[in-house]
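*Asks:* Give me the fold of what follows.
(chains A, B, C and D)
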2 protein chains.
Amino acid sequence: MLAKSSTELVRQKNSVLVLTALRRHGPLAHTELSDFTKLSSATISVITTDLERAQIIEKAEQQAASGRGRPRVLFSQRRDCGYLIVVIISSDAVQYSLVDYAGRLIDRFTEDRQQTVPNVASFVRGLRDALNRIVVRSRLSRDKVVMISISSKGLVESSEPVLRWSPIFGREQIDFAAVLRGEWSAKVILGNETLLVAAAVGRQEENKKGRDFRALAALSLGHSIGLGVVRRGNEGRLEISAPNFGHMLHMPGGGLCRCGSRGCIEAYAGFYAILRTAFDVPLDTIPAKFVPVAELDKIATSARQGNRRNIHAFRQAGLALGNGLSRVLSLHESMPIAITGPGTRYYDLLLEGISEGLAESHVVRMEGMPELRVMADEPTLVFEGHLNRALAMMDDDIVRSGVAISELNEQTV
Amino acid sequence: MLAKSSTELVRQKNSVLVLTALRRHGPLAHTELSDFTKLSSATISVITTDLERAQIIEKAEQQAASGRGRPRVLFSQRRDCGYLIVVIISSDAVQYSLVDYAGRLIDRFTEDRQQTVPNVASFVRGLRDALNRIVVRSRLSRDKVVMISISSKGLVESSEPVLRWSPIFGREQIDFAAVLRGEWSAKVILGNETLLVAAAVGRQEENKKGRDFRALAALSLGHSIGLGVVRRGNEGRLEISAPNFGHMLHMPGGGLCRCGSRGCIEAYAGFYAILRTAFDVPLDTIPAKFVPVAELDKIATSARQGNRRNIHAFRQAGLALGNGLSRVLSLHESMPIAITGPGTRYYDLLLEGISEGLAESHVVRMEGMPELRVMADEPTLVFEGHLNRALAMMDDDIVRSGVAISELNEQTV
DNA sequence: ATTTTTTTCTCGACAGTCGAGAAATTTAGT
DNA sequence: ACTAAATTTCTCGACTGTCGAGAAAAAAAT
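*Replies:* Residues are numbered from 1 along each chain as shown, chains lettered A, B, ... in the order given. So this is what the prediction gives:
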């Protein structure tokens, strides 16, 4: 049973609508807000004064009047309304970014993770230190940070910020909410890295195609394999999900994967797997923890020069990806696939296998080959995805609590 | 961008809330409605008088007063508010049911499909005739039928009532909206059969567990293989989807499937496939159009008596299902699996393969073996699913149009 | 007959949106 | 310098919606 509706909820939703318009199109005037949101001018007036009183938005500096008539006054978010820390955990480093409410980057640094044995306890210590450092450096009060958005490769709990499995820490779970509770009042969210890529690319597509955009999958190729899916939900908004694609079964009883299972897609298409095939190492060999890209580059150039075995290695990887993708398309619907990650530099070598792996299935025979496109700059997409997700969530949260604050103000004034 | 909210929308949503409560819990009094919907008594008054004036609900006959105090008056749907025709297309017959707005079955008959070559044109003719007949027999006006809900096995377009592929008509598509346009003003919806099973089981689970219910998959075993998934969406309501599971890739380059592809799950786990394996027919043999259940029963009993080859046939089928399910769980999340359809009678023989096929994957190693349960009576579940889906949709549509009608009444009176 | 109990209905207060037009403020024209 | 035109923002009254409190209704208990 759904929750009841009320007039207050209407206001909340429409306030979020205003904030979203502001977020997507930058500073906007009263009239433009009315245009974008389809709300009447009168309503915009009420909402903006409310949000202004609640210190969420502000009237921008008077800009040079451009035409005749009363000059527009632009509304924009108050940057100091709340801050976001983005934490991007990758295999060799952790990047910390401090972002204000308007989405502007304030501070950023990267901590190399020590290449030694991964240790959850020491990692958590490093995380705490770094979070501390970033607010101190910017002379920010701890409680002005209202959200901490973390991403990692691996398997993430959907409802809580718990990392269930990751290529770095394996089955050692990390509950980020528990780790940061007490010290931080901020809301902590966690997302699979490729999920955020999908979110970013999906947003781009929606900006381009509008309501025509239906669905898209983002495939990240690297030491591990990730997939994110973004689809238009039945309510009209975009829904993102991160299937555990890298560890979906490719071949029963097949090659040994880093996760300890056998026959995962990653065990055929991950960098270590390509290396393994290229050197004809037995498939049950324990995977390498880390493969320098240079190593793979060598195999690739030799493959491009005609080396049979190396061509085969990339082909096998492509097949695993293609078969897996065909299964994803069977389970959802046919959709374009955006390929990112360091593995895109071998796209020429993978393509044949991917195509063949896709071609066999019923979906592809029915719907035709899905569009494949390469999007090189993965880190940027990940960061964009963080911002899209976290800031939209902040808008929501702030409206919910911010309106209450404005009411308090009214009463005390 | 989401659509704006307004006070009128609030009323619409709350009206649907009232109708939904009525649908789930039968005739209810003012007080009970208030309890279920959490709306205030005053609001219930306004909404019920509105719905009553719009001829959507009515006050029930005065029932014997049960306690002291003013006696309750029960509201219930007006049965004649609109009618629904349910069309269930199965491999050997088509069942037509006429249902009133309260969900009560009024008339039902079954047309055997001629066992000859399936012909879309003649099928459509039969459909038109039968739909005609069912309203004439009940002396009902055509335009009192506001919805026609059709189900079939196969692949269904998600947004329009178009059958993309079916085991019966193959790649000959049927656009039911186009076929019935002109003759019928009713809204036409189409759903995959197993999707409706999932909807029905999901509803049952939600009634039992409430908000604790997260997700469930329904697996239908028979001549073809179907899967429906029901999950709680991010807005709190249940979302159902029907993956093209039967024709998901099981084994690259594997057995020939009825769909013309190779290596589909169905080509290993469908009845014809089990037969094929049992008789050691080459895997590229063109599948039998139809397999009498008696035939499979024979193989099963012989397997139960120890026949190696037949045991192997069921085991192979189980493995295909288990592997496929493991992939589904990788792509969504771990969830219980309800197994229905005629194939459940061989559950004992399939179980080992299913378990083994599931066990290998990363998800199952992480989350443990998903709960498997057998639900025998598939046809009932399919019909229940039809009612759940179609009547809920009717509530929505009727409120949208019905309130407009009541406004017209007000103005003309 | 009166009281108690339970349910339904009604009234006034409050929150929200909208359309229309008033007010504000700048540019263009003379 | 003044006025007219243009454009944007603000304000007011009408309408719709929900809610809490208490009145009204109707049956059982005393």
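
*Asks:* and chain A, which residues reach DNA strand D?
*Replies:* A:4-7, A:29-31, A:41-42, A:45, A:48, A:67-73 (Cβ under 7 Å from any atom of the strand). Quick note: C-beta positions are derived from backbone N, CA and C, even for glycine.

*Asks:* Keep only those residues that also lie close to chain B.
*Replies:* A:Lys4, A:Ser5, A:Ser6, A:Thr7 (Cβ under 8 Å from any Cβ of the partner chain).

*Asks:* quick one: which of those residues has the most company?
*Replies:* Highest neighbour count within these: A:Ser5, with 20 neighbours (other Cβ atoms under 10 Å in any protein chain shown).

*Asks:* Next, that residue: secondary structure please.
*Replies:* Following DSSP: H, G, I helix; E, B strand; the rest coil, A:Ser5 is assigned to coil.

*Asks:* That one and B:His30: what is the separation?
*Replies:* For A:Ser5, the distance to B:His30 equals 20 Å [Cβ to Cβ, to the nearest Å].

*Asks:* and the residue of chain A found nearest DNA strand D, how many residues sit next to it?
*Replies:* Nearest residue of chain A to DNA strand D (Cβ to the nearest atom of the strand) works out as A:Gly69 at 2.1 Å. Residues lying near A:Gly69 (other Cβ under 10 Å) number 7.

*Asks:* quick one: low-confidence ranges for the stretch 251-400 of chain A?
*Replies:* Counting by pLDDT under 70, the stretch 251-400 of chain A contains no low-confidence range.

*Asks:* residue boundaries of the strands in it?
*Replies:* In the stretch 251-400 of chain A, the segments counted as strands under DSSP state E, counting those that start in this stretch are A:337-340, A:372-374.

*Asks:* Give me the helices and strands touching the shortest one, please.
*Replies:* Under the contact criterion of 3 or more Cβ pairs under 8 Å, 6 or more residues apart in numbering or on different chains; DSSP states H and E, strand A:372-374 touches strand A:337-340, helix A:347-359.

*Asks:* Recalculate using a threshold of 6 Å.
*Replies:* If contacts are counted by 3 or more Cβ pairs under 6 Å, 6 or more residues apart in numbering or on different chains; DSSP states H and E, strand A:372-374 sits against strand A:337-340.

*Asks:* quick one: strands adjacent to the strand it packs on?
*Replies:* Based on DSSP bridges, the pairing partners of strand A:337-340 within the sheet are strand A:215-221 (parallel), strand A:372-374 (parallel).

*Asks:* Chain B contacts on chain A?
*Replies:* Contact residues (Cβ under 6 Å from any Cβ of the partner chain) of chain A with chain B: A:4-5, A:7, A:10, A:13-14, A:37-39, A:243-244, A:247-249, A:252, A:259, A:261, A:323, A:326-327, A:330-331, A:360-362, A:365.

*Asks:* Buried ones only from those, please, as a ChimeraX command.
*Replies:* Those of the residues of chain A next to chain B that count as buried under 16 or more other Cβ atoms under 10 Å in any protein chain shown are selected in ChimeraX with:
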select /A:4,5,10,13,14,37,39,243,244,247,248,249,252,259,261,323,326,327,330,331,360,361,362,365
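
*Asks:* can you tell me which of the residues of chain A next to chain B are up against DNA strand C?
*Replies:* A:Thr7, A:Val10, A:Asn14, A:Lys38, A:Leu39.

*Asks:* Around the closest residue to DNA strand C within the stretch 201-350 of chain A, how many other residues sit close by?
*Replies:* Nearest residue of the stretch 201-350 of chain A to DNA strand C (Cβ to the nearest atom of the strand) works out as A:Gly236 at 17.3 Å. By the criterion of other Cβ under 10 Å, A:Gly236 has 10 neighbours.

*Asks:* On the three-state scheme, it is what?
*Replies:* Under three-state DSSP, A:Gly236 comes out as coil.

*Asks:* looking at this, A:Leu163 is in a strand?
*Replies:* Yes. Counting by three-state DSSP, A:Leu163 is located in a strand.

*Asks:* what's the model's confidence in stretch A:165-172, averaged?
*Replies:* Mean pLDDT, stretch A:165-172: 89.

*Asks:* Quick check: phi and psi at the closest residue to A:Met251 other than its chain neighbours.
*Replies:* Nearest residue to A:Met251 in three dimensions, chain neighbours excluded: A:Gly263, at 4.2 Å (Cβ to Cβ, 6 or more residues apart in numbering or on different chains). Dihedral angles of A:Gly263 (phi, psi; degrees, to the nearest 10) stand at phi 80, psi 10.

*Asks:* Tell me who's in contact with A:Gly263.
*Replies:* Contacts of A:Gly263 were listed using Cβ atoms under 6 Å, 6 or more residues apart in numbering or on different chains, and they are A:Leu249, A:His250, A:Met251, A:Pro252, A:Gly254.

*Asks:* so what's the closest residue to A:Glu111 other than its chain neighbours scoring on pLDDT?
*Replies:* Nearest non-adjacent residue to A:Glu111, counting by Cβ to Cβ, 6+ apart: A:Val94, 4.9 Å away. A:Val94 carries a pLDDT score of 95 in this model.

*Asks:* What strands flank the helix or strand hosting A:Val94, and is each parallel or antiparallel?
*Replies:* Assigned by DSSP states H and E, A:Val94 belongs to strand A:93-100. Next to strand A:93-100 in the sheet, as set by DSSP bridges, lie strand A:83-89 (antiparallel), strand A:105-112 (antiparallel).

*Asks:* and the next element down the chain from the last one?
*Replies:* In this case it means strand A:105-112. helix A:120-137.
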